[in-house]
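Asks: One predicted model, sequence on top.
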Amino acid sequence: AVVRVVADAETIVVNQAIFALRCSGSLIRLNTNETWSWTEDELAPAKGLLRRAVKAGAAVFRAVLSFGLASLVTAMLVRVFLSSGVAMLFPIFDLLQPHLAVLPYLRHSLLARAYPWLGAQTELL
């Protein structure tokens, strides 16, 4: 087994090192303590057409699944942040209302119409 310690390596360099050594080993990044380890079996190409097709199909499935999960999490975070940001606008707008008397078009009802899913509930308050 080979153990190498690297100070600051990019992913491409790590992949090149893994496939260049062609034996079991690990790499450790010093500044972040990231560790990559592999075995010879993981580096060996699949034998036979069916095994290569299954390995490629599994890689595509993992890539699509990872992309889908990352997109799902991102979409949920964006929706939560947009909703919470809008919810924060209502109290800020109420606090600034006396100071915005010179701008009659900036009314609470305008904000309530722009965001009806929150505006209707704040109108009841």
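Replies: Arrived safely, thanks for sending.

Asks: Tell me where this protein has strands.
Replies: Here the chain has its strands, by DSSP state E, at 2-6, 25-29, 35-38.

Asks: Kindly report which one of these carries the lowest mean pLDDT.
Replies: Among the strands of the chain, strand 2-6 has the lowest mean pLDDT, at a mean of 54.

Asks: Show me which positions of stretch 90-99 end up buried.
Replies: Of all the residues in stretch 90-99, those buried under the rule 16 or more other C-beta atoms under 10 Å are Phe90, Phe93. Yep, even glycine has a C-beta here, placed from its N, CA and C like the rest.

Asks: quick check, distance from it to the centre of its chain.
Replies: The chain centre lies 34 Å from the centre of stretch 90-99; the measure is C-alpha atoms, centre = their mean, to the nearest Å.

Asks: Alpha carbons of that stretch, in PDB - could you do that?
Replies: Output in PDB follows, covering the C-alpha atoms of stretch 90-99 (Å, rounded to 0.1, in the frame of the first residue of the first chain):
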ATOM      1  CA  PHE A  90     -43.800  43.000   6.300                       C
ATOM      2  CA  PRO A  91     -42.600  44.000   9.800                       C
ATOM      3  CA  ILE A  92     -39.800  46.200   8.200                       C
ATOM      4  CA  PHE A  93     -42.400  47.900   6.100                       C
ATOM      5  CA  ASP A  94     -44.600  48.500   9.100                       C
ATOM      6  CA  LEU A  95     -41.700  50.000  11.000                       C
ATOM      7  CA  LEU A  96     -40.800  52.300   8.100                       C
ATOM      8  CA  GLN A  97     -44.400  53.300   7.300                       C
ATOM      9  CA  PRO A  98     -44.400  56.600   9.400                       C
ATOM     10  CA  HIS A  99     -41.200  57.700   7.700                       C
END
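
Asks: Thanks a lot, catch you later.
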